[in-house]
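A.B. asks: Here is my input, please return the structure:
(2 chains)
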Amino acid sequence: GENVEQHPSTLSVQEGDSAVIKCTYSDSASNYFPWYKQELGKGPQLIIDIRSNVGEKKDQRIAVTLNKTAKHFSLHITETQPEDSAVYFCAANQGGKLIFGQGTELSVKP
Amino acid sequence: GAVVSQHPSWVICKSGTSVKIECRSLDFQATTMFWYRQFPKQSLMLMATSNEGSKATYEQGVEKDKFLINHASLTLSTLTVTSAHPEDSSFYICSADGDQELQYFGAGTRLSVL
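C.D. replies: Residues are numbered from 1 along each chain as shown, chains lettered A, B, ... in the order given. Purely as a prediction, here's the structure:
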């Protein structure tokens, strides 16, 4: 089955710096890759997603890149702000389900 | 749009009792809903896939007689934790399947079993 690996597990950056989180997947049939942000005690919120027919997608300060050949995708957050501090999860689809990475705890220091 | 409401947000119960958690899609119909469990500082683990009008599909290792799922309408799925024990204490999260495999998540339910 699908296996999604996410790195790093924790990431600390200064406000205004960029943050990059990387994920790899194992099933070449996966074609949908969402990223979720989860704040403490809350459910995950979709922040951006990408499908396998494109290599990059941007939404203001957030971007996602996908390399199908290498089976990896990355989340890029520019100009980080303290309110970006949260746990971020990547996921890949398989058989109508989402398989999640282990999560990255991002801390943005003012 | 695409709001998923989950209730209750927090529940405390005594060991041996049953607890029901509701998951509603407020502004769209969801043929499929998913139930996840999340332990502190861990990822989301899929427990079961709930399809409207049919039996839920449980992931390996999840006891279907302990975690009863009902998806009686296109906007409501329920998870009942039967005979709860302290080890069932966790954060339970539902999601509803939108268009093109998008999943919209509820806010989660924190279950504490004393």
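A.B. asks: hmm, the helix or strand harbouring A:T24 touching chain B?
C.D. replies: Using DSSP states H and E, A:T24 sits in strand A:19-25. No. Applying CB under 8 Å from any CB of the partner chain, one finds strand A:19-25 out of contact with chain B, separated by at least 11.7 Å. Every residue, glycine included, has its C-beta placed from N, CA and C.
A.B. asks: Name every strand pairing with that strand and say which way it goes.
C.D. replies: Paired with strand A:19-25 in the same sheet, following DSSP bridges, are strand A:4-7 (antiparallel), strand A:72-77 (antiparallel).
A.B. asks: So what touches that strand?
C.D. replies: The set of residues external to strand A:19-25 that reach it, using CB atoms under 8 Å, 6 or more residues apart in numbering or on different chains, is A:2-8, A:11, A:13, A:33, A:70-77, A:80, A:84, A:88, A:90, A:92, A:99, A:101, A:104, A:106, A:108.
A.B. asks: Buried deepest among the strands paired with strand A:19-25, which one?
C.D. replies: Per residue and on average, the most neighbours among the strands paired with strand A:19-25 fall to strand A:72-77, with a mean of 21 (mean count of other CB atoms under 10 Å in any protein chain shown).
A.B. asks: Can you tell me the SS state at the closest residue to chain B within chain A?
C.D. replies: Chain B sits closest to A:G43 of chain A, with a gap of 4.0 Å, by CB to the nearest CB. Classification of A:G43 using DSSP: H, G, I helix; E, B strand; the rest coil returns coil.
A.B. asks: so who does it touch?
C.D. replies: By CB under 8 Å, 6+ apart, the contact list for A:G43 reads B:V4, B:Q6, B:I93, B:F105, B:G106, B:A107, B:G108.
A.B. asks: So which of the residues you listed sit within strands?
C.D. replies: B:V4, B:Q6, B:I93, B:F105 (DSSP state E).
A.B. asks: Go through those residues and say which is closest to B:L74.
C.D. replies: For the ones in strands among the contacts of A:G43, the closest approach to B:L74 (CB to CB) belongs to B:V4, at 13.0 Å.
A.B. asks: Return the distance of A:H7 relative to A:G103.
C.D. replies: From A:H7 over to A:G103 the distance is 11 Å, taken as CB to CB, to the nearest Å.
A.B. asks: So which residues on chain B come close to chain A?
C.D. replies: So chain B meets chain A at B:4, B:6, B:32, B:34, B:41-44, B:46, B:49, B:93, B:97, B:100-108, B:110 (CB under 8 Å from any CB).
A.B. asks: Output the set of residues of chain A in proximity to chain B.
C.D. replies: Going by CB under 8 Å from any CB, the residues of chain A near chain B are A:32, A:34, A:36, A:41-46, A:49, A:89, A:93, A:96-98, A:100-103, A:105.
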